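[1] predicted coordinates and the sequence they were generated for:
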Amino acid sequence: MTPDAEGLVASISAVKTRGLPPVHLWNPPFCGDLDMRIARDGTWFYQGTPIGRPGLVKLFSSILKREDGKYFLVTPVEKVGITVDDAPFVAIDFEPDGTGKDQVLTFTTHVGDTAVAGADHPIRVERDPETGEPSPYILIRADLEALIDRKSFFRLVDLCVHEGDWFGVWSGGRFFGVIPSAELP
């Protein structure tokens, strides 16, 4: 039987949970790949067509799991592979609270997840080796990251300070380097 989105919706709807489903506890058999893709901008596609229902995207995002660098949608009875172009989530905003080393940054994703940057939700910045362009990420949950969108990254940089050899930001008692100080103009 070929996996399809309707079957996944039926399977997950049968599971009654508060909050996120316990996908870390589910280890069903692999049922094949699903023609589903998450684009770098956070748009979910099914069979090449954008999924226009935010509630459906939120439902699918709640059963997303990453294992060995691959992404899956998981229910108690099935596990299907999907394609993720970059990160499965996009951090579309953040709220700062406090200042300096006492600062706390709470990020919100396009599907409504929140994460407070700190030891459990680190921020990391990758740089394109050819262009040097930064790609900032925050860990949202269980090996699933959000790409921090451009406007939020610019706001984040405004909060950055020099700490040792790095220019970066504090949150949750941790310092996250954005760029080596020596590389700043």
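    Good, I have the coordinates. Numbers count the residues shown, from 1 in each chain.
[2] check the nearest residue to Val77 once chain neighbours are set aside and give its pLDDT.
    Closest residue in space to Val77, ignoring its immediate chain neighbours: Pro28 at 5.3 Å, by Cβ to Cβ, 6 or more residues apart in numbering. C-beta: built from backbone N, CA, C; applies to glycine. On pLDDT, Pro28 comes in at 94.
[3] and Trp166, how far is that from Gly118?
    According to Cβ to Cβ, to the nearest Å, Trp166 and Gly118 sit 17 Å apart.
[4] equivalent analysis for His110, please.
    Remark: distance between His110 and Gly118 (Cβ to Cβ) = 21 Å.
[5] higher neighbour count, those two?
    Neighbour tally, His110 and Gly118, criterion other Cβ atoms under 10 Å: the higher count belongs to His110, 21 against 16.
[6] quick one: the more buried one from Val23, how far?
    For His110 relative to Val23 (Cβ to Cβ), the value is 19 Å.
[7] helices and strands around the helix or strand encompassing Ala91, which ones?
    Assigned by DSSP states H and E, Ala91 falls within strand 89-97. Under the contact criterion of 3 or more Cβ pairs under 8 Å, 6 or more residues apart in numbering; DSSP states H and E, strand 89-97 touches strand 104-109, strand 134-141, strand 144-148, helix 150-158.
[8] which of these sits most buried?
    Ranked by mean neighbour count, the helices and strands packed on strand 89-97 are led by strand 144-148 with a mean of 25 (mean count of other Cβ atoms under 10 Å).
[9] any weak-confidence spans in the protein?
    1-18 (pLDDT under 70).
[10] tell me the contacts of the residue nearest to Val77?
    Neighbour list for Pro28: Val74, Thr75, Pro76, Val77, Glu78, Lys79 [criterion: Cβ atoms under 8 Å, 6 or more residues apart in numbering].
[11] do you know how far it is from Glu78?
    For Pro28, the distance to Glu78 - Cβ to Cβ - is 5 Å.
[12] the residue nearest to Val178 when sequence neighbours are not counted pairs with what?
    Spatial nearest neighbour of Val178, excluding adjacent residues (Cβ to Cβ, 6+ apart): Gly168 at 4.6 Å. Going by DSSP bridges, Gly168 is paired in beta bridges with Val161, Gly177.
[13] looking at it, Gly168 is touching Arg174, isn't it?
    No. Look at Gly168 against Arg174 with Cβ atoms under 8 Å: they stay out of range, at 9.8 Å.
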